[in-house]
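Student: Next come a sequence and a model predicted from it.
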Amino acid sequence: MANRRQPRFRGTSYPTVEQINSDVISKLAHEYWAPSDAEMDSRKPFSLDVVKSVYHDIVSGRFSSRRLVLLDFSQYLEQFLWPNFNGQTADSVELVMSITALVNEKKRERAPVWQVKMRLIDTWMID
């Protein structure tokens, strides 16, 4: 019988659906930033404490690609970090470093990041 390996994703194995659904990141996503329209009204408000907790998880995992991929799958950057990045939150090291880590992950995956960059430009455009 042939040796069956898990598919690889640029040095990281793909997480299974079960692993994604059971991960604490997925649970946080459903509570705070899930993109489903039905859940928009039931989302909890933005919290820097959540950002700090997720960032410390990233750091403790030594910026593991697997963790960053899970955050990318959950649309953490697009649904939670970017919409809440403003003059009041910009001084949060954890927020800025989380954005940086996820943009780097997108570049590593060769995923388009131009839309993310354009949002930053639009947010900080000075008239």
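Tutor: Looks like it came in fine. Residues are numbered from 1 along each chain as shown.
Student: now the residue nearest to residue 99 when sequence neighbours are not counted: how far from residue 18?
Tutor: Spatially, and ignoring its direct neighbours in sequence, residue 99 is nearest to residue 81 (5.3 Å; C-beta to C-beta, 6 or more residues apart in numbering). Using the backbone N, CA and C atoms, a C-beta is placed for each residue, glycine as well. Using C-beta to C-beta, to the nearest Å, one gets 26 Å for the distance from residue 81 to residue 18.
Student: Next: residue 25.
Tutor: Per C-beta to C-beta, residue 25 is found 14 Å from residue 18.
Student: Going by neighbour count, which residues in the lengthiest helix in the chain are buried?
Tutor: When the chain is parsed with DSSP state H, its longest helix is helix 93-108. By neighbour count, with 16 or more other C-beta atoms under 10 Å as the criterion, the buried positions of helix 93-108 are 94, 95, 96, 98, 99, 101, 102, 103, 105, 106.
Student: and that helix, how far out from the chain's middle?
Tutor: Mean C-alpha position of helix 93-108 versus that of the full chain (C-alpha atoms, centre = their mean, to the nearest Å) differs by 8 Å.
Student: Does anything pack onto it? Which helices or strands?
Tutor: Contact partners of helix 93-108 among helices and strands, from 3 or more C-beta pairs under 8 Å, 6 or more residues apart in numbering; DSSP states H and E: helix 48-60, helix 65-73, helix 114-124.
Student: 6 Å instead?
Tutor: If you count contacts as 3 or more C-beta pairs under 6 Å, 6 or more residues apart in numbering; DSSP states H and E, helix 93-108 packs onto helix 48-60.
Student: pLDDT of the helix it packs on, averaged?
Tutor: In this model, helix 48-60 has a mean pLDDT of 95.
Student: Just want the angle from it to helix 93-108.
Tutor: 50 degrees (axes from the mean of the first three to the mean of the last three C-alpha atoms, to 10 degrees).
Student: Which one of residue 81 and residue 18 is surrounded by more residues?
Tutor: Taking other C-beta atoms under 10 Å, residue 81 and residue 18 do not tie; residue 81 has more neighbours (23 against 8).
Student: low pLDDT regions in this protein?
Tutor: For the chain, the stretches with pLDDT under 70 are 1-14, 36-41, 114-127.
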